[in-house]
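Trainee: Got a predicted structure here, sequence first:
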Amino acid sequence: MTNADEFEMSTPDWQVGLPGDVASVLEQFILDARAALGHDLDSIVLFGSAAEGRLRPASDINVIVVMNRFDKNAVNEWRSALQIHVAAVDLQPMFLLKDELQEASEAFAVKFFDIQTRRRMLYGDDPFQSFSIPRESKIRCVQQILFDLTLQLRQAILILDESDQTHMIVDSIGPLRATTMVLLQLEGKATQTPRDAFIMLAEQLDAEWRSTIEHLHEMYEQGLVIESNVADILDQLSSLVILLYRRTKKL
């Protein structure tokens with residue numbers, strides 16, 4: 001699709017599985033992006049849980065807007081409408097130039113591997129169709145995320161109250177599942193989604209770890225529910241992150 005004046009949805013069924021309000025906002029978002037960016041707009045990609053059709057109540061709506069050129073004046077005219085979309089459905093747009101994609105994928109390899117795995121095209125040609133992320137970038141990014149989580153969880157154990165600890169646990173599970181998917185792929189065990197990766201990880205480990213992973217999965221799906229044993233769950237999550245970090249040293 002090269003002519004923005006002859007606009008078509010590159011995937012006619014991109015709205016399948018999306019709540020009506022989300023689909024409506026995305027539809028207007030696409031129209032506004034085309035109007036504001038014109039020929040500078042290359043493509044729009046929906047990724048993450050929305051692209052998978054598994055939105056949770058607290059899920060963000062993640063999109064990448066790929067541009068050929070960043071015109072500040074054109075984008076400024078779009079700001080008011082964009083802010084309304086962001087507020088309406090927790091829309092989280094990422095704005096990238098087309099020639100920045102490879103560099104971004106190497107710097108944020110886990111995120112972009114997830115995008116490769118779970119995406120729907122909302123507009124334009126798919127920039128990830130023949131995309132390749134170097135193995136070294138994946139390993140480096142997985143290690144960085146797991147090490148960062150280790151430090152954050154250690155701080156949470158020592159400083160935060162139960163409410164904030166619960167927030168920390170739930171906020172950590174999404175990145176941990178995405179990181180697990182990349183780790184398993186690096187180990188030669190491909191999965192289709194972060195959710196599937198967490199299930200596969202549970203199957204690899206003993207019963208105690210399986211119970212921990214299942215509990216974390218339930219917390220993630222249900223959202224913020226403060227539990228009486230939140231300190232124990234936080235400790236188990238921290239131990240799981242350390243276990244996975246040690247596995248990266250064998251790659």
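Mentor: Structure received. Numbering: from 1, shown residues only.

Trainee: Where in this protein is the helix or strand with the lowest mean pLDDT?
Mentor: Ranked by mean pLDDT, DSSP states H and E, the weakest helix or strand in the chain is helix 207-222, scoring a mean of 86.

Trainee: Tell me which residues are up against it.
Mentor: Helix 207-222 is contacted by residues 56, 169-170, 173-174, 176-177, 195, 198-199, 201-203, 205, 225, 227, 233, 236-237, 240, 243 when judged by CB atoms under 8 Å, 6 or more residues apart in numbering. C-beta coordinates here come from the backbone N, C-alpha and C atoms, glycine included.

Trainee: Could I have the CA atoms of the helix or strand just after it written out in PDB?
Mentor: Downstream of helix 207-222, the first helix or strand assigned by DSSP states H and E is helix 230-248. Coordinates of each C-alpha in helix 230-248 appear next as PDB, following Å, rounded to 0.1, in the frame of the first residue of the first chain:
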ATOM      1  CA  VAL A 230       2.300 -10.700  49.600                       C
ATOM      2  CA  ALA A 231       5.800 -10.700  51.200                       C
ATOM      3  CA  ASP A 232       6.200 -14.400  50.400                       C
ATOM      4  CA  ILE A 233       5.000 -13.900  46.800                       C
ATOM      5  CA  LEU A 234       7.500 -11.100  46.400                       C
ATOM      6  CA  ASP A 235      10.300 -13.300  47.700                       C
ATOM      7  CA  GLN A 236       9.300 -16.100  45.400                       C
ATOM      8  CA  LEU A 237       9.200 -13.700  42.400                       C
ATOM      9  CA  SER A 238      12.600 -12.400  43.300                       C
ATOM     10  CA  SER A 239      14.000 -16.000  43.400                       C
ATOM     11  CA  LEU A 240      12.400 -16.800  40.100                       C
ATOM     12  CA  VAL A 241      14.000 -13.800  38.400                       C
ATOM     13  CA  ILE A 242      17.500 -14.800  39.800                       C
ATOM     14  CA  LEU A 243      16.900 -18.400  38.600                       C
ATOM     15  CA  LEU A 244      16.200 -17.100  35.100                       C
ATOM     16  CA  TYR A 245      19.200 -14.700  35.200                       C
ATOM     17  CA  ARG A 246      21.500 -17.600  36.000                       C
ATOM     18  CA  ARG A 247      20.100 -19.500  32.900                       C
ATOM     19  CA  THR A 248      21.200 -16.600  30.700                       C
END
